[in-house]
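Participant: I would like to see how this sequence folds:
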Amino acid sequence: MMDKSMILRRFGIMAEPDTIVPIGGGHINDTFKAVDSSSGRAYILQRINHNVFTDVELLQSNIERVTAHIRAKLQSRGENDIDRKVLKFIKASDTGKTYVRDGDSYWRVMLMIEDAETRGEITPENARNAGKAIGHFQEMLSDIDGGIGESIPDFHNMELRLRQFRQAIDADPCGRLAQVTQLVEELKKREGKACMAERLYREGRMPKRICHCDTKIDNMLFDRDGEVLCMIDLDTVMPSFVLSDFGDFLRTAANTGREDDPDLDNVEFDIDVYHAFREGYLEEAAAFLTDVEIAALPYAAERFAYMQAVRFLTDYLNGDTYYRIAYADHNLVRARAQFKLVQSIEQRFPDRPTL
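Facilitator: Residues are numbered from 1 along each chain as shown. Below is the predicted model of the structure:
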């Protein structure tokens, strides 16, 4: 494999090896900070996990189109300090592309946004700012022309996840079904409601838009005052339902327990976080959303908690072949915790509209 400093040179960046250090705690790509020796500017170097993102050309094309569109929007609105409000990817001097290939690895470089931080703690104030950021991100992309593909096909396809679930139930390859029949039946009872977005889409009532599709709070950069500067980790930006960004954030942010909490008494849906997030989101997004999309928002967090319960239980039935586990029955503990979150959400919204 090529030395990282040699890879950076292909992007016109001269960095000594001792200035290239690992950063971040992501589970997919390998990420490093590098400092250019002549200018002193800091950059982010990433090795793209092409086992997850199998079409790197499509991946980078999506990101280039999205960041260029957002940059143009910010410029047209007279925004200042634009390089802190949208990611800037560097083109390789030898290929003119925003990635290079080194043997079996793919690499890319972006300008590091200075004086910015991620935040792990969820408060109603953070949630409101996060809602504004996600709504703003979607709003800026609401008029982008076509050409954005699925970097991970069927990433949030509920019907696919349920087909996989039923296959695991029918096969029962590890003989585990008898231990989880009650949970299986509870999940089956909710299949129709869980697939509401797909049904509305086929009826022409729920559009697909360009969404981030991985809206956890550490995929946002905040300034020192707690305002969101921009969304980061754009690998999953693709067509989806707005429920994806709304619900995926709340599944983790509004959960008072852990995703794999063995004590189900800890797991509740924080309605204050929900309301703060929704208020911030609609402040930016209401102008382009349809009435059906707005009415469906209370279902969004439930959809994603349900999806994860199904995926964790599917993996448990299949013998823990997809998710990394820390102990026996870890996936079952995860599935039960996510289903408890589903139940808590149902209790918080007893009078949701039927769509």
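
Participant: can you read off the pLDDT for the nearest residue to Ile113 once chain neighbours are set aside?
Facilitator: The shortest distance from Ile113 to any non-neighbouring residue, by CB to CB, 6 or more residues apart in numbering, is to Arg84 (5.2 Å). The C-beta positions use only the backbone N, C-alpha and C, and glycine is treated the same way. We have a pLDDT of 93 for Arg84.

Participant: likewise for Phe11?
Facilitator: 96.

Participant: so where do the strands sit in the stretch 1-150 of the chain?
Facilitator: 21-22, 30-35, 42-48, 100-102, 105-111 (DSSP state E, counting those that start in this stretch).

Participant: ok, back up a step: show me what contacts the residue nearest to Ile113?
Facilitator: By CB atoms under 8 Å, 6 or more residues apart in numbering, the contact list for Arg84 reads 113-116, 223, 229-230.

Participant: from those, which is closest to Asp272?
Facilitator: Asp223 (23.9 Å; CB to CB).

Participant: is it true that that closest one touches Leu229?
Facilitator: Yes. Using CB atoms under 8 Å, Asp223 is in contact with Leu229, at 5.4 Å.

Participant: between the two, which contacts overlap?
Facilitator: Joint contacts of Asp223 and Leu229 (CB under 8 Å, 6+ apart) are 84, 116.

Participant: more crowded one of these two?
Facilitator: Shown here are Asp223 and Leu229; by other CB atoms under 10 Å, Leu229 has more neighbours (18 against 15).

Participant: so that one, which of the three states?
Facilitator: strand (DSSP: H, G, I helix; E, B strand; the rest coil).

Participant: list the contacts of the closest residue to it other than its chain neighbours.
Facilitator: Distance criterion CB to CB, 6+ apart; nearest residue to Leu229, sequence neighbours excluded, is Leu221 at 4.6 Å. Counting by CB under 8 Å, 6+ apart, Leu221 touches 113, 116-118, 228-230, 232.

Participant: give me the buried subset of the residues you listed.
Facilitator: 113, 116, 228-230, 232 (16 or more other CB atoms under 10 Å).

Participant: quick check: the farthest pair among these?
Facilitator: Put simply, by CB to CB the two of those set farthest apart are Ile113 and Val228, 11.7 Å from each other.

Participant: isn't Lys85 right up against Glu227?
Facilitator: No. With contact defined as CB under 8 Å, Lys85 does not reach Glu227; the gap is 10.5 Å.

Participant: between these two, point out the one with more neighbours.
Facilitator: Comparing Lys85 with Glu227 by other CB under 10 Å, the one with more neighbours is Lys85, at 19 against 10.

Participant: what's near enough to touch that one?
Facilitator: Contacts of Lys85 (CB under 8 Å, 6+ apart): 70, 74, 79, 229-230.

Participant: the residue nearest to it when sequence neighbours are not counted and Thr290: what is the separation?
Facilitator: Among residues not flanking Lys85 along the chain, Cys230 sits closest, at 5.1 Å (CB to CB, 6+ apart). Distance from Cys230 to Thr290, counting by CB to CB, to the nearest Å: 26 Å.

Participant: quick check: Glu117 vs Thr256, distance?
Facilitator: Glu117 is 24 Å from Thr256, by CB to CB.

Participant: same question for Leu74.
Facilitator: Leu74 is 36 Å from Thr256, where distance means CB to CB.

Participant: out of the contacts of Leu221, who's nearest Arg128?
Facilitator: Looking across the contacts of Leu221 and measuring by CB to CB, the closest to Arg128 is Val228, at 10.2 Å.

Participant: which residues does that closest one bridge with?
Facilitator: Beta-bridge partners for Val228, by DSSP bridges, are Phe222.

Participant: identify the residues contacting it.
Facilitator: 129-130, 132-133, 220-222.

Participant: redo that, cut-off 6 Å
Facilitator: 129, 133, 220, 222 (CB atoms under 6 Å, 6 or more residues apart in numbering).

Participant: pretty sure the last one sits against Arg119.
Facilitator: Yep, that's Phe222 we're talking about. Yes. Applying CB atoms under 6 Å, one finds Phe222 in contact with Arg119, separated by 5.4 Å.

Participant: of the two, which one has the most company?
Facilitator: Neighbour count, other CB under 10 Å: between Phe222 and Arg119, Phe222 has more, with 19 against 16.

Participant: check the more buried one and give its pLDDT.
Facilitator: On pLDDT, Phe222 comes in at 90.

Participant: check contacts around the residue most central in space within the chain.
Facilitator: With distances taken as CA atoms, centre = their mean, Asp214 lies nearest the centre of the chain, 0.4 Å away. Residues in contact with Asp214, defined by CB under 6 Å, 6+ apart, are Thr236.
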